[in-house]
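Q: Turn this into a structure:
(one chain, ligands or ions: 1)
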Amino acid sequence: MKNKIGLHWFRKDLRLNDNPSLSLLTSHVDELVCVYSLDEITVLDSTILPSNNEIIGKHRANFILQAIIDLDSSLQQFGQQLIVLHNNSLAPLLNLIDSLGVTDISAEWYCGVNEQYQWRQLQSMRPQLNFIQENGSTLFKASQFPFSIDNLPTTFSPFRKKVEKYCEVLALEEPIKTMPPSGIGPVRFESIKINGLSTSQSHYTALEGGETGAWQQLKYYLWDTDLIATYKTTRNGLDGWGFSSKLSAWLAQGCISPKRIYYELIKYEAERTKNESTYWLFFELLWREFFHWNHFIHQATLFSAGGVQGVIKASRVDLKTIQSWQTGHTGYPIVDACMRQLLNTGFMSNRGRQLVASCFVHELGQDWRYGARHFEYQLVDFDVASNWGNWQYLAGVGADPRGHRQFNLEKQAEVYDPHKNFMADWLT
Ligand code: FAD
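A: Numbers count the residues shown, from 1 in each chain. A predicted model of the protein is given here:
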């Protein structure tokens, strides 16, 4: 019988553990090829594109490079390797599929409009292949919901109440024990470039991309420090490592699955402490879940001015004003401190994100999409559904029953930075 040759296409699932599509493919093919393609969003070669076309900031570029290196070294332990394709179109992937005689292809299901589109394209261009797409990027499958996915609740609270009452988080995958051999001879990537940064130059930051870093952070936040047990009281912090889990960047690149975090939390609750704080991390993961399904339903509407509500609010696009916000020179100290923190680290707290977005839309009166776009560029944890969903929410065009969220910036600064330490640190 003819050999089955499988190809796993890594996208937003840069991990081996709890990766159902990869597990399924691995279990029934004779040879396996593992591929990552630098997609439309991540492909950048600063020698070709003018720098103002760079669409991914250096912090995320660095994180992704580390995640790729980490994935490759995990694959090596199974006698495997990661093939990195340097092109944003499907063409090199199709070439590889054809030249190797691939029979089965898998990729993780992902809510993103680009990922969905590319998968459909691939299906229509190579209909003879066996396609595997399992869901490892969310806690639940659409078929588990007590509503049809087209009737997804329009706001978070009814969604949360229903899933908490009726749905069980999907089970974890069994760890992969062996992998079929690679269909091709050794191809070690030498230097991958993203946005002018290359693998050989990637530098260590506290957020170290890859599955290994994700597990370390989960262990640190739960078992090593018990910080999770006070999460509800600290989560509105502005600066520092311990006030929230910092798992978002790993989740965004799929270095860890949300299910894995959930089940580790359950274990922690059984063995150490179960309280409002431990529940609250799950609550926040449900926000992520909601935004992922919200994106899946609304697709490109997530990027439209009127948002999912279809209401256009008056706004301007004044590039000077936008630039002052981006660089932390608006004159609102709390906003400027947060924006400089973002520029320097690629991270901003949830509280900070709310305040700067509110300022951008309300005080500065700018088109919210320019703010979301800047976040997309800068954030180390950029996640299309969460970013654009939260921006819509704050701009009053998204999944918000209130329709208008404006923060009193002075009051917020008094409450969340009472001794002005955070502002002093970032404004001097
Ligand atoms: P924790 O407080 O420890 O929360 C744990 C996890 O829950 C997070 O890692 C994240 O996966 C999820 N989560 C928490 N809050 C939210 C939320 N409001 N919406 C969706 N998921 C949430 N989060 C991203 O992951 N990527 C983004 O691109 C992003 N853009 C945002 C833009 C704006 C304007 C706002 C207001 C929020 C945005 N968030 C985004 C949500 C939130 O700010 C970050 O998830 C959080 O600050 C990341 O830090 P953490 O991992 O320590 O979070």
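
Q: C-alpha only now, for contacts and for neighbours.
A: Will do.

Q: how about the CA coordinates for stretch 82-101, as CSV?
A: The C-alpha coordinates for stretch 82-101 follow below in CSV (Å, rounded to 0.1, in the frame of the first residue of the first chain):
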residue,chain,number,x,y,z
LEU,A,82,10.6,22.3,11.4
ILE,A,83,10.6,23.5,7.8
VAL,A,84,10.2,27.3,7.6
LEU,A,85,8.7,28.7,4.5
HIS,A,86,9.6,32.3,3.7
ASN,A,87,6.6,33.5,1.8
ASN,A,88,3.2,34.8,2.7
SER,A,89,1.3,33.1,-0.1
LEU,A,90,0.1,29.5,-0.3
ALA,A,91,2.4,28.9,-3.3
PRO,A,92,5.5,27.5,-1.4
LEU,A,93,3.2,25.3,0.7
LEU,A,94,1.5,23.9,-2.4
ASN,A,95,4.9,23.3,-4.0
LEU,A,96,6.0,21.3,-1.0
ILE,A,97,2.8,19.4,-0.9
ASP,A,98,3.1,18.4,-4.5
SER,A,99,6.8,17.7,-4.6
LEU,A,100,6.6,15.4,-1.5
GLY,A,101,3.4,13.7,-2.6
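
Q: Tell me the buried residues in that stretch?
A: Residues of stretch 82-101 classed as buried by neighbour count (16 or more other Cα atoms under 10 Å): 82-88, 90, 93, 97.

Q: element containing Lys232, please.
A: helix 231-234 (DSSP states H and E).

Q: Which other helices and strands does that helix contact?
A: helix 276-298 (3 or more Cα pairs under 8 Å, 6 or more residues apart in numbering; DSSP states H and E).

Q: Now do the buried residues in the helix it packs on.
A: By neighbour count on 16+ other Cα under 10 Å, the buried set for helix 276-298 is 277-282, 285-297.

Q: restrict those to those near the ligand?
A: Among the buried residues of helix 276-298, the ones lying near the ligand by Cα under 6 Å from any ligand atom are 281, 285, 287-288.

Q: Helix or strand next in line after the helix or strand bottoming out on mean pLDDT in the chain, which one?
A: Lowest on mean pLDDT, DSSP states H and E among the helices and strands of the chain sits strand 197-198, with a mean of 60. Using DSSP H and E, the helix or strand that follows strand 197-198 in sequence is helix 211-219.

Q: could you check whether that next one is close to the ligand?
A: No: no part of helix 211-219 sits near the ligand under the criterion Cα under 6 Å from any ligand atom; the closest distance found is 10.3 Å.

Q: Next, the buried residues of that helix.
A: Using 16+ other Cα under 10 Å as the test for burial, helix 211-219 gives 211-215, 217-218.
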